[in-house]
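> got a structure for you, letters missing:
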């Protein structure tokens, strides 16, 4: 059994022959939570989509638990950016969470009592059980994000990829989400989070990837999240040491 959940080596992604992610590498051990940080347009979402096979990789290698994503996809949970979801789709919170079980059920087997209880437990875990029958369009942004987190939790994955799960949520929801992610980490899962707030990096993550189309630096927060690396990533004079508390 490999101790590495995700191994990205020399990954390049190009749109219309223009590289948007260039020679990026990242190693994510089990039992860690990794933050992916960089300016807008740095390729953070593209990196996650490359892992998931949603965008073609021009060069490089991506392995999930020592194999291809296609071979290990049942072990991967994904939370997309909230802005990329059609929240007007007519479905309720419980049904959204049940979608996380389709990989186990197959599209033609309907969820039964066991699956419904799994989904309800996931909603309970994120503090959304009282909203089980609420249409997702009627939920606040933070509530919608909690429901999507529940959808990922119900998969009981070993690797979680989360694209800005804290974007636009209130402080209480942020604390709830981070506690859940730390619980996953402590249970031996690997969690990768696209993040934008430099202030919270030291508190939230074990490891960090600083990305600006290329990987500027990656590794443990204590050694990688430095003034020099942060300034090199964002292209301006920025201080990690004062921002990270």
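All right, it came through fine. Keep in mind that this is a model prediction, so the values were computed, not measured.
> Could you give the bridge partners of residue 161?
residue 78, residue 192 (DSSP bridges).
> OK, contacts around it?
48, 51-52, 76-79, 192 (C-beta atoms under 8 Å, 6 or more residues apart in numbering). In short, each C-beta sits where N, CA and C put it, glycine included.
> so how far is residue 4 from the nearest residue to residue 39 once chain neighbours are set aside?
Nearest residue to residue 39 in three dimensions, chain neighbours excluded: residue 234, at 5.4 Å (C-beta to C-beta, 6 or more residues apart in numbering). The spacing between residue 234 and residue 4, counted by C-beta to C-beta, to the nearest Å, is 28 Å.
> mind listing what residue 97 touches?
Counting by C-beta under 8 Å, 6+ apart, residue 97 has contacts 119, 122-123, 147, 150-151, 154.
> from memory residue 125 sits against residue 150, does it?
Yes: with contact defined as C-beta atoms under 8 Å, residue 125 and residue 150 form a contacting pair (6.8 Å).
> More neighbours: which of those two?
Ranked by neighbour count (other C-beta atoms under 10 Å), residue 125 and residue 150 place residue 150 first, with 27 against 17.
> still on that earlier bit, and the two most separated of the contacts of residue 161?
The widest separation within the contacts of residue 161, taken as C-beta to C-beta, falls between 51 and 79 and amounts to 13.2 Å.
> which one's the longest helix in the chain?
helix 171-186 (DSSP state H).
> I'd like to know how many residues surround residue 68.
Look at residue 68: counted by other C-beta under 10 Å, it has 13 neighbours.
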